Structure formats: structure tokens, C-alpha cells
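# I would like the atomic coordinates for the input below:
(one chain, ligands or ions: 2)
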Amino acid sequence: MDTYSDIKYVKGVGPKMAESLNKCGIFNVLDLLLYFPRDYENVPVRKSILDCEKTEKVIIECTVLNILKDIRLKNNKTLSTIIFCQGDNKFKGKWFNQTYAKNSFKTSNKYLITGKVDKFKEEITIMNPKIVKNTSMDENEIIATYPLKNNITNNFFNKIISDVLCNIIIKENLPSGIIEKYCFCSLNDTIRNIHSPKSLDLLNEAKRRLKFQELFTYSLKILMLKEFIKSHNNGIQFKMTKELTTLKEKLPYNLTKAQSKVVREILIDQKKNIGMNRLLQGDVGSGKTVVAIITMFNVVKNGYQTAMMAPTEILAKQHYEEIKNILNDFSLNIQILSGSTTAKNKQLIKQDLKSGIIDIIIGTHALIEDNVEFENLGMIVTDEQHRFGVSQRNRFSNKGKNIDILVMTATPIPRTLSLYLYGDLDVSIIDELPPGRQKIDTSYESMDNSDKVYEFALDEINKGRQVYIVCPLVEENEEMKLSSVEMLYEKLKREQFKSIEVGMVYGKMPSKLKNEIMDKFKAGEIKALVSTTVIEVGVNVPNATVMIVENAERFGLAQLHQLRGRVGRGKYKSYCILLANITNNIVRRRLGILIKSNDGFFIAEEDLKTRGAGELFGIRQHGESGLILSDVIEDIGILKLANSEAKRLIQSDNACDTKVKNEILQKIEQTSSYICFN
Ligand code: ADP
Ligand code: MG
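Ligands and ions are numbered 1, 2, ... in the order given. Below is the predicted model:
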């Protein structure tokens, strides 16, 4: 057996189990060994059964006194029992419907067993006891718990991985200089210790090395990818067209300094013979869309097609309208493709994309369907990039050859971090809002005061304004101390808002209905809109002045900041009221940050401190970034080291380093895109 042996040939894995493992992304032995535990259970070794607490899981030494006959119970279950002893103390081991379990035990033999303790009056029982191997009597046993899917049990993972580890030696793959410098364990020991650690210290050592390894590989890939892209001078060279000046004159406003700077950065990228791969960050409402429009326009005027993908239909429609509006005088063919496009229109649009008649297409995920083809795609834009999975973004960029890629996000990545994550080269930032924006009056209130808050909203509505009320997504099985959209909608319609038009939108609603309601809200017919976070990104209704967020404690700060950005878009004073279950000071402090600051970057940085990076960037999903154990915030120290080692390796020309580099470069050529900003 070696690391690349197919998983189905591993002892104990049949064809059926192999299929289930495949679904977990495990195809060969290496995949299995890299399927890291999600957590660990530290099971204490108890000297005496009398020290055991009820319901705790323990390891204990005992002797088999008597194996009883199985009993058939009234509920049709079969009970197997063994009487164990420890000196004079007796206790039972019990199993239900596992008649084979007792066969591993022999009368008078001594065993180390583990199981959950149950106490009833004077009688002590260990439920489902199992024999523990390899634990010396004074050490706790640390048991790995794996992410479980497809009916594979934790026991199965533990068993098969420990079997495999008995039969394999894992080759080292970090340069020896690095191992010595940071006193890392060998890879062989590390993999053993991550799966079945003998002690917490050894586990931590294993984690330290694996985190370094992930972040080192990540850094190398980023750095080499940049070199790779630069050395492949096959990007399309777009000219700066004269019409840009005309467009600039026709814009309904002057660009901010920051917008102009970013437009320039993108146009410079477009001129190069290197494919553009640029991340555009800008706070909510900073005007990213128009930057995209201007630069897409330039590509179109060079004779190419462009496409922009947005995460929701609402947003796609809004972009479509804005683009039509701004490019009105240029007689371009601009279309929208989304879930609610009729079959007939879809057909037409696809034809026209393929034949090159359409200049600009705006759309949702519908754009990445297989049969959407372009004649000569030159540039793609992904709006709210964090809302898309990596594979979706890849499929989008595969729609063209050597195209320029712009991705936009309002979830800012703090500079310190982006330097390490992206090498900081191709990131543009709009750090200024268009003039005349008012500060949004932000406050938080206890959920108990919600009536007062709705009353305030009603006052605003009576003045002619409109209101958003946003609820968190509630899973069906959750305790209902939360407002679900539907419940709140019904309640408001019946009570506080009975005299006005109320609407409701949520993600799973048929898109036609969703559009209708959004249109009515935009037109001012619906005064109060109850929704989930489908309106979080991008929606622009200048007459809306109040944003009420229910159960605000359930949202991330960056997300609340996004939601707040839905108001304050017109000339009226606007309010954001966060209704929260204020159960502790952490909630109070977190919400306080929003009240204090209007700066998305600052807020993101604070959010990171309390929530961790994975959640914010979505880069932790298994298999996507290769970062499984590391959290780029928590482990920023390791990230810095890994980054500097990666840089050193790249510059080094000694044979050993070159070998490592080449191996990684090969992998990059196969899988390069997953780390690009597309
Ligand atoms: P975001 O960066 O959040 O995507 P948008 O692109 O939706 O922001 O822009 C928000 C609003 O600001 C839009 O109504 C847009 O028309 C307006 N806007 C953009 N740039 C400017 C500007 N330079 N001056 C005035 N208004 C602007
Ligand atoms: Mg936007």
C-alpha cells in the first residue's frame, strides 16, 4: 500500500463504503490521511469506578466477573450484560441489540474499557463498553472526532485510519532547512499525531506543523501564480478608447477621487498583455458598480463582449437598469439573463451571445450554465464575490480565453491580511464615499422594545418614507425565540402596520414574485418590506430611510454594516435600529462598534477578531483553499512566517528548493484558478 492506493483496496473498505468515502472527497489513502479530525474528545482514565460521574465518558480498568445470558425485553430489544469488578466493587456493562459485543470479553480477564457511565441508586453501569488498546494507565485517551457524512461513523474513521497508519510510512515533504529551523516533527509523526495523539502536547505540535504547511503552500502558490500569470503574456491588450471621455461627460455625477484612481488602475491592467486579475474592495455605497460599468464599456468599445454576475436576481436587475441608464446613448446591446428569464428569451439571448450580437450581459448564476457561450468574451465582473463558491467563479472565468477578471466585494479584507493572502499586488480600494452622504443614525434596542421601534418606523412612513425589516434565517428546528420572516410579516400586517402596504421577500420565494414585490417597493407602493438577508447586498432604494434588524445579535458586524448600507442612499436622514437579545456584554460591545463606526474596514477588522476569518471569507471550506486547519486571523503569526519562507524559497536557486518549487508549479498549472480572484 502506498499513499496513492485507491481507497477501495484498503482493508475493511468495500465498494459501497468506498462510494461513501468518495463523497467525502476521499479517493486514495492520502486523501484519507488528510481527512483531519474536526475535534478531539479527551477521555479521562479513572482509577476507581467510584470516582466516575454520572453521564461522563471514562476509561477504566476492570476484570470480567460474569457474562450473563442475553435477555429479550418487552420492547423487542435484546439486552446483553457483563458483570465487571474492580476489587470488591462491582458494576455492569450493558449493550442493547449488540449481542456480538460481549464476545470480545472472557471471564476473569483484565481489560481497559471505555463507555458512558450511568448511575441508578447504588447501581453503576457502563453503557456500550468498548475495549481500549494502547493507553497506558495514567494517560487520558484523546479520541479524534471526524466530520461525519454519508452514514460513515466516527468509529469507522478511527479504525480504518489507524489500520492504514500501521502499514505505511509517510515521506517528508518540507525542505529539511525549514524543519530544523522551526523544530517541526517529521510528517510521518505529524500525521499520526493529528489522528491519534498520545498527548495534547503532541497534538499541538502536529497542528503547528500542519498549519505552517498549509499556509506555506498557500503562500507559495499565490506568489508563484503571480509569476506564472506574468510570464504568460497572453492577455488581451485593450486600448483606452476615445469614447471613454464621452462617457465620462455623460455620467450623472462626477467620480470621486478614489473611483477615478481605481478606474485608472483597471484601465492600466487592461492595456497590458497580462490577463487582469483584480480584486476591487469598497465599502457599501462607495460606487463600485459605475467603476465596473466604465471599464466594461472600454472593453466593449475594443470590440469584445463583457459579462457581469451578481449573486441575487434583485441585484442583477438593479445593475442591468443602472447600466442601461448610464450607457443609454451608446446604442449597445445590453441584456439580462436570470432564473426568471422566460425560456424563449433565454434561447434568444444564448444565441445572441454566441453570435456576438450582445455586448454586455448581466446575470445571476444562470450565466454559468453550460450552454451559455460567448463569441469573444473579453472581461468578466463578479459582484459580491464572497457570495459565490470557488467552482462557480471558475466556471464563469472559463467562459472565455485569457479574459480580464474583476471581482468586487464590500466585505473588506484588512490590509495587513490581504498583503499575506494576495500578495497585495492586484487589489484596488475605494476608500471614500460619494459626497453628500449622510451619517446613518445607528442605535440598538432590546427586542422587548420592538413596539416602540415599529411605531417610529410608522412615523417615518407617514412622512412618506419607506422601511426595511430584516430577520435572520431561521432553521426549522430552532427554538422560536427568533422572528421568522413569515411570522413577523403576519404580525406586522395584523398589528402595527395594518394601515399600510407591507411586503415580504425571502430567498426561496419564486423569483417572479420576488421581482414583483421588489418593483413595488422601489416604486413606493410597498411601504414596509419584511425580508431575510436577500436584500443584504447592493439593493438601492433612495426613499427608504429606516433599517430595522431583528435579532441583530445573530448577524456578523460586516453583514450588519452591509444591511445598514441599504438606507441613507437618498437625501433624507436615515436610521438603522438593531433589535437584539442583549444577553451579555459581548453583544453590547459588538453592536457598539457599529454605532461608533461607519468605516467598513474598521468594522471588518473588529468582526474578524470576534468571529474568525473563515466565516468572513469563506475560504475555509474543505478542499477549496487548502486551508483546513488554519485560520488566517488566529494564525496570522504562522502565516507571516510561512509567507517569508515562501518568498525565500522562490528566490533560492539551490537544487532542493528548485525541486519543491517545480512540484508546486506543476500543481498550479493544473489547478491554478482556484486561488485567483475569479
Ligand atoms: P456599491 O459600492 O455598494 O456597490 P453602488 O455602486 O451601488 O455602491 O453605488 C451606490 C450609489 O451611489 C448608487 O446609487 C450610485 O448611482 C451612486 N454613486 C456612485 N458613484 C457616485 C458618485 N461619484 N457620486 C454620486 N453618486 C454616486
Ligand atoms: Mg454593489
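# Contact residues of the stretch 301-450 of the chain facing ligand 1?
In this structure, the stretch 301-450 of the chain approaches ligand 1 at residues 410, 434, judged by CB under 6 Å from any ligand atom. (C-beta placed from N, C-alpha, C; glycine too.)
# Using the three-state scheme, assign the residue in the stretch 301-450 of the chain that ligand 1 sits nearest to.
Among residues of the stretch 301-450 of the chain, the one nearest ligand 1 by CB to the nearest ligand atom turns out to be Pro434. It sits 3.3 Å away. For Pro434, the secondary structure call by DSSP: H, G, I helix; E, B strand; the rest coil comes out as coil.
# so which helix or strand takes in Asn151?
Asn151 belongs to no helix or strand when elements are defined using DSSP states H and E.
# burial count for the nearest residue to it once chain neighbours are set aside?
Distance criterion CB to CB, 6 or more residues apart in numbering; nearest residue to Asn151, sequence neighbours excluded, is Ser20 at 6.5 Å. Ser20: 16 surrounding residues under other CB atoms under 10 Å.
# Compute the distance between Ser20 and Ile160, please.
When distances are taken as CB to CB, to the nearest Å, Ser20 and Ile160 turn out to be 12 Å apart.
# now Gln281
When distance is defined by CB to CB, Gln281 is 44 Å away from Ile160.
# picking that back up, quick check, the residue of the stretch 301-450 of the chain closest to ligand 1 in contact with Val290.
No - with contact defined as CB atoms under 8 Å, Pro434 and Val290 do not form a contacting pair (9.5 Å).
# Who has more neighbours out of the two?
The neighbour comparison of Pro434 against Val290 (other CB under 10 Å) goes to Val290, with 19 against 16.
# Helix or strand next in line after the longest helix that the chain contains, which one?
Across the chain, the longest stretch assigned as helix under DSSP state H is helix 200-231. As assigned by DSSP H and E, the chain's next helix or strand after helix 200-231 is helix 243-250.
# Would you mind pulling the contact partners of that following helix?
Residues outside helix 243-250 that contact it (CB atoms under 8 Å, 6 or more residues apart in numbering): 255, 267, 294, 297-298, 301, 326-327, 329-330.
# Secondary structure, pLDDT and neighbour count added to those, as JSON lines?
Supplementary listing: the contacts of helix 243-250 in JSON lines, determined by DSSP: H, G, I helix; E, B strand; the rest coil; pLDDT from 0 to 100; neighbours: other CB atoms under 10 Å:
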{"residue": "Leu255", "secondary structure": "coil", "pLDDT": "96", "neighbour count": "18"}
{"residue": "Leu267", "secondary structure": "helix", "pLDDT": "97", "neighbour count": "17"}
{"residue": "Ile294", "secondary structure": "helix", "pLDDT": "98", "neighbour count": "22"}
{"residue": "Phe297", "secondary structure": "helix", "pLDDT": "98", "neighbour count": "23"}
{"residue": "Asn298", "secondary structure": "helix", "pLDDT": "97", "neighbour count": "25"}
{"residue": "Lys301", "secondary structure": "helix", "pLDDT": "97", "neighbour count": "19"}
{"residue": "Ile326", "secondary structure": "helix", "pLDDT": "95", "neighbour count": "18"}
{"residue": "Leu327", "secondary structure": "coil", "pLDDT": "96", "neighbour count": "20"}
{"residue": "Asp329", "secondary structure": "helix", "pLDDT": "93", "neighbour count": "9"}
{"residue": "Phe330", "secondary structure": "helix", "pLDDT": "94", "neighbour count": "15"}
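# Let me know the closest of the residues you listed to Met379.
Within the contacts of helix 243-250, distances to Met379 taken as CB to CB reach their minimum at Asn298, with 8.7 Å.
# if I look at the closest one, how far off is Thr245?
11 Å.
# and what of Asn376?
When distances are taken as CB to CB, Asn376 and Thr245 turn out to be 25 Å apart.
# Over to Leu560?
The span separating Leu560 from Thr245 equals 40 Å under the rule CB to CB.
# more crowded one of those two?
Set side by side, Leu560 and Thr245 give different neighbour counts by other CB under 10 Å, the larger being at Leu560 (27 against 10).
# In contact with the closest residue to the more buried one other than its chain neighbours: list those residues for me.
Here the nearest residue to Leu560 in space, its sequence neighbours aside, is Leu594; by CB to CB, 6+ apart that works out to 5.7 Å. Applying CB under 8 Å, 6+ apart, one finds that Leu594 lies in contact with 442, 444, 557, 560-561, 564, 576, 578, 603.
# Helix or strand: which one has Leu594?
Assigned by DSSP H and E, Leu594 falls within helix 585-596.
# average pLDDT for stretch 190-205?
The average pLDDT within stretch 190-205 is 92.
# cool, and stretch 242-252?
The average pLDDT within stretch 242-252 is 94.
# near ligand 1 at all, it?
No - shown here: stretch 242-252 not in contact with ligand 1 (CB under 6 Å from any ligand atom), separated by at least 7.2 Å.
# which parts of that stretch are buried?
244, 247 (16 or more other CB atoms under 10 Å).
# Using PDB, write out the CA atom coordinates for that stretch.
This file holds the C-alpha atoms of stretch 242-252, laid out as PDB (Å, rounded to 0.1, in the frame of the first residue of the first chain):
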ATOM      1  CA  LYS A 242     -11.800  57.800 -27.100                       C
ATOM      2  CA  GLU A 243     -15.400  57.100 -26.100                       C
ATOM      3  CA  LEU A 244     -14.300  56.900 -22.500                       C
ATOM      4  CA  THR A 245     -14.200  60.700 -22.500                       C
ATOM      5  CA  THR A 246     -17.700  61.000 -23.900                       C
ATOM      6  CA  LEU A 247     -18.900  58.600 -21.300                       C
ATOM      7  CA  LYS A 248     -17.300  60.500 -18.500                       C
ATOM      8  CA  GLU A 249     -19.100  63.600 -19.600                       C
ATOM      9  CA  LYS A 250     -22.400  61.800 -19.700                       C
ATOM     10  CA  LEU A 251     -22.200  60.400 -16.200                       C
ATOM     11  CA  PRO A 252     -24.900  61.700 -13.900                       C
END
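# just checking, Leu649 touches Asp657?
Yes - look at Leu649 against Asp657 with CB under 8 Å: they come within range, at 5.1 Å.
# Find residues that contact each of the two.
Counting by CB under 8 Å, 6+ apart, the common neighbours of Leu649 and Asp657 are Pro175.
# When these two are compared, which one has more neighbours?
Counting neighbours by other CB under 10 Å for Leu649 and for Asp657 shows that Leu649 has the greater number, 23 against 16.
# For my notes, confirm Ile60 occurs in a strand.
Yes - inclusion of Ile60 in a strand is indicated when three-state DSSP is applied.
# excluding its backbone neighbours, what's nearest it?
The shortest distance from Ile60 to any residue that is not its chain neighbour, by CB to CB, 6+ apart, is 5.1 Å, and that residue is Arg46.
# do the same with Asp269
Met276 (3.9 Å).
# again with Leu578
Leaving aside its chain neighbours, Leu578 sits nearest to Ala552 (3.7 Å; criterion: CB to CB, 6+ apart).
# And for that neighbour, the neighbour number?
Residues near Ala552, counting by other CB under 10 Å, number 27.
# wait, what's in contact with it?
With CB under 8 Å, 6+ apart as the criterion, the residues that contact Ala552 are 444, 560, 578-580, 591.
# same thing with Ser260?
Contacts of Ser260 (CB under 8 Å, 6+ apart): none.
# what's the helix or strand for it?
Going by DSSP H and E, Ser260 is in helix 257-271.
# in that helix, what counts as buried?
By neighbour count, and taking 16+ other CB under 10 Å as the criterion, the buried residues in helix 257-271 are 258-259, 261-263, 265-267, 269-270.
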